[in-house]
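Chemist: here is my input, please return the structure:
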Amino acid sequence: MSFLPDLSGFFAFAYDAESVLPATYSPLLVVVSFLIAALAGFAFIHLSHWIAEQKTSFVRSCWIAVGALIMGLGIWAMHFVGMIAYQLPVPIIYDPLATAASALPAVIASGLSLRMVARSQVSHLRLVLGGVIFGGGVGLMHYTGMAAMDVEAFVRYDPMLFTASILVAVILAICALWMARRRTRGPFSVTTLIRELYSAVLIGSAVAGMHYTAMSSTLCFSLGTEPGEISGMDADLLAILTTIVATMVLLAGIAAVIFDRRLTIAIRKQEHAADWAEEADRRLTEAVEAMSGSLALFDADEALVFSNSHFREAYGLQDAADGQVLSYQNVLNWHVAEKQAFQDTAGEASQDVVQRLRDSREQGVPVTLEGRNNTWSMIRQRRTINGGTVFLCTDVTDIRQTEALLLQQQNRLRLIMDNVADAVLTISSDGIIESYNRAAERIFGFSAEEMIGASASRLMARGQNTIQGNRFGQYLEKPDSRSPDSESFEIVCQHKTGYTVFVEAVLSEVTEHGRTVIVGAFRDMTERRLNAIALEKARTQAEKASMAKTEFIAHMSHELRTPLNAVIGMSEALLMLESLRTDPVQLQEYLTDILASGRHQLTLVNDMLDLSTIESGGRSKTIERLDICAETESVIRPFGKSIENKSVKIIPFQAERPVFIMADRQSFNQVLMNLLSNAVEHAGDNIEIRISLDDRSSEQTVGLTVTDNGKGMSGELLKQLGQPFPLIRSAYVRRDDEASTASTGLGMSIVHRLMEMNGGRITVNSAIGGGTSVTTYWPRREVDEQTTVDTGVAPVPSAGC
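Modeler: So this is what the prediction gives:
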């Protein structure tokens, strides 16, 4: 006895193919059945996503039940239309009860499958189990529905195709569920819709594929009797009705899902917006309450509709309800008229201030008012879109006091900076001047408008504005070389007018708001530097004068001893040798030499006395108006007689008209006499002395030039002329090439001092073998200050008087 069931009544293991009734399908109904299956798949996709979005289990269960019913009926409708599309040569009827009961497996399988996969996160195991349940349910529904078919034939199934139909249903169901859950999630778009349609077609293919694979396994064998008449509803009409009903149910289900989904989304958005608005309102209220100012909102009728706690406290309102009796005008009157808390700085009347506040509301500009006890408030007002008013009153006393303090400090700093003796500059890290005080304008000559924004190198003297040329440029261009402490050094700058300015710079690097700024203090050292230079020059000149004095004394002692020795020696010889006294010729020669030596010594002593008197300031002078032509002639006439026995020719200028100067007569005569004497004494033999006058050389001076064609003087001696103690070389010790230089020192020194004393000047031009030209410049009018001697200018050309 076998415990296995007898399956020969269900499967056809061995059969004659010719005994199988031929079966056909209605193409139209086949297509309709597939579309119903695809529509059911589309509904399944939306249902699964919608169920996954539900938060509560009860709502999920309700939607799973609805989805199971819609999906199950859709699959059953597809199956029923597919059965109607199946046509045999024998009549076919369906048991209504069994046919209706065949929908239960599809409904149950759809519900279980939705419960498995309708989640936000679906594992592979759930997808496989859901596919197995769904495919198995569809297969059970199909074969249950086949059992409800009443046909005059034996119905059996091919075992292989039967198994294949179940596998097709399960495999395609798993694939369809995977596509539906993995590929169709996300916001709505054309791509999402295409994926949903693709997944719906795949689900429809799973259902239709299982159905028609199972139908292919169906074998109907004839009973061998004539088919009878079967009464019932037309199959095409039944198919149409089933299709219409199924389509309406599926579309209604899809529409319900979409509508409910959008409705829920809209409700959630509204709830979110309401929550956000409530949160925003709460935050706004907190922000308004946290404000330090008094804030109020008035409607178009100027009635108070909202206020913060500061406003209510300021106006004595217990709560918002008390503000219903407060209007915009009351607020203005409260401020200006009743409390008198604010008074306009311009001293306006109360009503004028009220009108000004109203005008500020229309213009949207703030108004600052000063109150009692040196308090300040700023009122900001603005019209709203609906004609209302936003009123904000803020206490700005601290701000105004801080601003006043800052302004006071700025003014004090500016006062200090403008009155400090040193130039103070702030320079950016790239060498651009950012601030420039008044002392800088005085020291450098450039205004602040010219220098602010300009490069600091503009202040440098020419040739000093390179990195290698000065430390200032190195300090600006090489930040790494800067000392952390301030650095001090001297630099050479250039004034706007072009002259050189010596300054001592003290530079410091500071950090201001995260950037590097150089602060520089520049002290004008020009006067000190020039004084130092003058002091050094005076020291050098004093040293030279001391050396010259020492040498002068040495030479003068020699000059004085030489004639004195001659006088003493010759006198002793005359006293000791009677033969000399008795020889008239020798006696005459000795006496003549003694007289010449005495006169020479007297001349030296007189020159020394004159120079000493002039140097000590004891020489008196009487400045008067002199005719230089007449004075020159008065000097030349006696001087010419004294040199008649010498080979000297004097050529004076021809006076055509008087030329007047302002000078001391004695000084003029001595200057001209010394120049002529020097020319005669040192020029040599057969010389020519030319005297010329130039009254066009200057509007202030008249030039008198004495020129000789003698041996001239060396450049070394020219440099010594005019020194306090000139170098005197005795004729007894001089070299041959210096024969023309004997005893020129004292005379020319006297000339220089006399010219300075009379406010004139002198120029000397001479060369060895080229003669000597000396020009004296006499002032046309009386001057108070002495004129510096210039020995480096060529003589002025002579012109007739």
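Chemist: going by C-alpha atoms from here, please, whenever you check contacts or count neighbours.
Modeler: OK.
Chemist: lowest average confidence, helix or strand, in this structure?
Modeler: strand 342-343 (a mean of 46; mean pLDDT, DSSP states H and E).
Chemist: need the contact list for residue 88.
Modeler: For residue 88, the contacting residues are 21-24, by C-alpha atoms under 8 Å, 6 or more residues apart in numbering.
Chemist: element containing the residue nearest to residue 649 when sequence neighbours are not counted?
Modeler: Nearest residue to residue 649 in three dimensions, chain neighbours excluded: residue 688, at 4.8 Å (C-alpha to C-alpha, 6 or more residues apart in numbering). Secondary structure assignment for residue 688, by DSSP states H and E: strand 687-694.
Chemist: check the offset of that strand from the chain's centre.
Modeler: 75 Å (C-alpha atoms, centre = their mean, to the nearest Å).
Chemist: show me what that strand is packed up against.
Modeler: strand 648-651, helix 665-682, strand 701-708 (3 or more C-alpha pairs under 8 Å, 6 or more residues apart in numbering; DSSP states H and E).
Chemist: hmm, who's touching the second one?
Modeler: Applying C-alpha under 8 Å, 6+ apart, the set of residues contacting helix 665-682 from outside is 621-624, 626, 631-632, 635, 639, 648, 687, 689, 706, 708, 710-711, 739-742, 744, 747-748, 750-751, 754-755, 758, 774.
Chemist: how about stretch 383-403?
Modeler: Contact partners of stretch 383-403, identified using C-alpha under 8 Å, 6+ apart, comprise 292-302, 361-362, 364, 374-382.
Chemist: next, the buried residues of stretch 43-63.
Modeler: 43-52, 54, 60-61, 63 (16 or more other C-alpha atoms under 10 Å).
Chemist: OK, contacts around residue 529?
Modeler: residue 502.
Chemist: for residue 422, see how far away it is.
Modeler: 16 Å (C-alpha to C-alpha, to the nearest Å).
Chemist: now swap in residue 390 and tell me
Modeler: From residue 390 to residue 422 the distance is 54 Å (C-alpha to C-alpha).
Chemist: what about the two, which has more around it?
Modeler: Neighbours of residue 390 and residue 422, each counted by other C-alpha atoms under 10 Å, are more numerous for residue 422; the result is 22 against 19.
Chemist: give me the phi and psi angles of that one.
Modeler: As for residue 422, its main-chain torsions (degrees, to the nearest 10) stand at phi -90, psi 150.
Chemist: doesn't residue 521 make contact with it?
Modeler: Yes. Contact criterion C-alpha atoms under 8 Å: residue 422 and residue 521 qualify, at 6.3 Å.
Chemist: show me what contacts residue 524?
Modeler: 422, 443, 501-504 are the contacts of residue 524 under C-alpha under 8 Å, 6+ apart.
Chemist: TSV please, covering the residues you listed and showing secondary structure and distance to residue 682.
Modeler: Converted to TSV, those look like this (DSSP: H, G, I helix; E, B strand; the rest coil; distance: C-alpha to C-alpha, whole Å):
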residue	secondary structure	distance to residue 682
422	coil	59
443	helix	54
501	strand	48
502	strand	48
503	strand	51
504	strand	54
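Chemist: starting at the chain centroid, how far to the strand or helix carrying residue 40?
Modeler: In the assignment (DSSP H and E), residue 40 maps to helix 27-53. Offset of helix 27-53 from its chain centre (C-alpha atoms, centre = their mean): 67 Å.
Chemist: so which elements touch it?
Modeler: helix 57-85, helix 159-182, helix 190-216, helix 235-290.
Chemist: got the CA positions of the shortest one in CSV?
Modeler: Coordinates of each C-alpha in helix 159-182 appear next as CSV, following Å, rounded to 0.1, in the frame of the first residue of the first chain:
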residue,chain,number,x,y,z
PRO,A,159,4.1,18.0,-14.9
MET,A,160,7.0,19.8,-16.5
LEU,A,161,5.1,22.9,-17.6
PHE,A,162,3.2,22.9,-14.3
THR,A,163,6.5,23.1,-12.4
ALA,A,164,7.9,25.7,-14.9
SER,A,165,4.8,27.9,-14.4
ILE,A,166,5.4,28.0,-10.6
LEU,A,167,9.1,28.7,-11.1
VAL,A,168,8.4,31.4,-13.6
ALA,A,169,5.9,33.1,-11.2
VAL,A,170,8.4,33.0,-8.3
ILE,A,171,11.5,34.1,-10.2
LEU,A,172,9.7,36.9,-12.1
ALA,A,173,8.0,38.0,-8.9
ILE,A,174,11.3,38.3,-7.1
CYS,A,175,12.8,40.3,-9.9
ALA,A,176,9.7,42.5,-10.1
LEU,A,177,9.8,43.2,-6.4
TRP,A,178,13.5,44.1,-6.5
MET,A,179,12.9,46.5,-9.4
ALA,A,180,9.9,48.0,-7.7
ARG,A,181,11.8,48.6,-4.4
ARG,A,182,15.2,49.5,-5.6
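Chemist: and the contacts of that helix?
Modeler: By C-alpha under 8 Å, 6+ apart, helix 159-182 touches 11-13, 45, 49, 117, 122, 127-128, 130-136, 138-139, 196, 199-200, 202-203, 205-207, 209-211, 213-214, 216-217.
Chemist: any of those buried? List them.
Modeler: Buried among the contacts of helix 159-182 (16+ other C-alpha under 10 Å): 11-12, 45, 49, 117, 127-128, 130-136, 138-139, 196, 199-200, 202-203, 205-207, 209-211, 213-214, 217.
Chemist: ok, so what distance separates residue 374 from residue 393?
Modeler: For residue 374 relative to residue 393 (C-alpha to C-alpha), the value is 16 Å.
Chemist: those two - which one has more neighbours?
Modeler: Neighbour totals were compared for residue 374 and residue 393, and residue 393 leads with 20 against 9 (other C-alpha under 10 Å).
Chemist: what is the mean pLDDT for the strand holding residue 688?
Modeler: Computed over strand 687-694, the mean pLDDT rounds to 88.
Chemist: tell me the buried residues in it?
Modeler: Within strand 687-694, judged by 16+ other C-alpha under 10 Å, the buried ones are 687-694.
Chemist: stretch 362-373 too?
Modeler: Under 16+ other C-alpha under 10 Å, the buried positions of stretch 362-373 are 366-371.
Chemist: re earlier: what angle separates the helix holding residue 40 from helix 159-182?
Modeler: Comparing the axes of helix 27-53 and helix 159-182 via axes from the mean of the first three to the mean of the last three C-alpha atoms, to 10 degrees yields an angle of 40 degrees.
Chemist: next one: phi and psi at residue 315?
Modeler: Dihedral angles of residue 315 (phi, psi; degrees, to the nearest 10) stand at phi -100, psi 10.
Chemist: need the pLDDT of it.
Modeler: 73.
Chemist: that's all I had, so thanks and see you.
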